[in-house]
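[1] Output the structure for:
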Amino acid sequence: MKLTTATASFEMLRHIPVGSVGAPRGNCEGCGMSIWSEGGYRVPGLPGIHCSIKCVETVLFGHQCCRWCGCKMDKPYSSIDSRLCSRDCSEKYNAQVMGDKTASLGSGKRFLLWLEENRAAVYRQLLGQGTPESGYCQNPECPNGEGGLPGSLALLRADARYCNAVCRRAAQRVLTAQNRPSNRRYLCGNKRGTFTGKAFRVNSTQQSLIRGISASGRDPRVEKIACIQSGTRD
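    Numbers count the residues shown, from 1 in each chain. Below you'll find the predicted structure:
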């Protein structure tokens, strides 16, 4: 796939925060400049939004990260070589960033490679491939295939859905999270349905009070008890 096609597809990552037209809508995570009505780019797994692909790559490949692959580094020093985590990363950085400039900051090439390695599902969407097809691992984040595809199931048994146990467990965790019922508590402090099928009970003192004062007409205390009883049944 050509790089120009991929970088044009980055628009699918554009996010427009809520706000008023012509007013700032937050700040870019990379450069700190204001985000305006046209929005910016939101990348799954990265905090905040970014005003450009250049700022996305600044966050991914700056600070304490490898300048080529984005892996975390313990002690990146000032020299270029000390900011690259391996010989392979050093060779590619020197050839394509320092050399022919095809992967220079803001080109999107390093970002695309990072997505392929770390966000397989997003990478496939950028390529227009969507969800895994039959014959490939059904874990949407599977990184084991080639050319942006999930791992192949060709050499596995006919009913296999995942290329290995790691992908199977990862997919099951996603399904479990999606199907888990909400445990959110409501404003009254109880879950919905707590009082379903339960009758409201008043003690003997309250019953005597109701009987003793109901003959003399309406009383605020009676109305209060009745209100509590009615509200609890609802």
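[2] so for stretch 123-136, what's the average pLDDT?
    The average pLDDT within stretch 123-136 is 73.
[3] end to end, how far does that stretch reach?
    16 Å (C-alpha to C-alpha, to the nearest Å).
[4] Then stretch 40-56?
    10 Å.
[5] what does stretch 144-154 give?
    Per C-alpha to C-alpha, the first residue of stretch 144-154 is 13 Å away from its last.
[6] Buried residues, it. List them.
    Going by neighbour count (16 or more other C-beta atoms under 10 Å), the buried part of stretch 144-154 is N144, G145, G148, L149, P150, G151, L153. Placement of C-beta: from N, CA and C, glycine included.
[7] swap in stretch 88-98?
    C89, S90, K92, Y93, Q96, V97.
[8] of those, closest to S37?
    V97 (32.9 Å; C-beta to C-beta).
[9] how about the closest one, what does it touch?
    R67, W68, A103, S104, L105, R110 (C-beta atoms under 8 Å, 6 or more residues apart in numbering).
[10] how many other residues sit next to Q64?
    11 (other C-beta atoms under 10 Å).
[11] Secondary structure added to the buried residues of stretch 88-98, as CSV?
    Listed next are the buried residues of stretch 88-98 as CSV, based on DSSP: H, G, I helix; E, B strand; the rest coil:
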residue, secondary structure
C89, helix
S90, helix
K92, helix
Y93, helix
Q96, helix
V97, coil
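[12] so where's this structure uncertain?
    Where the chain drops to pLDDT under 70, the residues are 1-8, 76, 129-134, 147-148, 178-234.
[13] now the helices for it?
    3-9, 53-61, 87-96, 109-118, 120-126, 165-179, 204-214, 220-233 (DSSP state H).
[14] Can you check what angle separates the third one from helix 109-118?
    Here helix 87-96 points in a direction 150 degrees away from that of helix 109-118 (axes from the mean of the first three to the mean of the last three C-alpha atoms, to 10 degrees).
[15] Now tell me what touches helix 87-96 from outside.
    Under C-beta under 8 Å, 6+ apart, the answer for helix 87-96 is C66, R67, W68, C69, I80, D81, L84, T102, A103, K109.
[16] could you dump these to CSV with neighbour count and distance to W36?
    Shown next, in CSV, are the contacts of helix 87-96 (neighbours: other C-beta atoms under 10 Å; distance: C-beta to C-beta, whole Å):
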residue, neighbour count, distance to W36
C66, 19, 32
R67, 23, 30
W68, 24, 32
C69, 20, 32
I80, 13, 34
D81, 12, 39
L84, 22, 35
T102, 11, 30
A103, 24, 28
K109, 18, 27
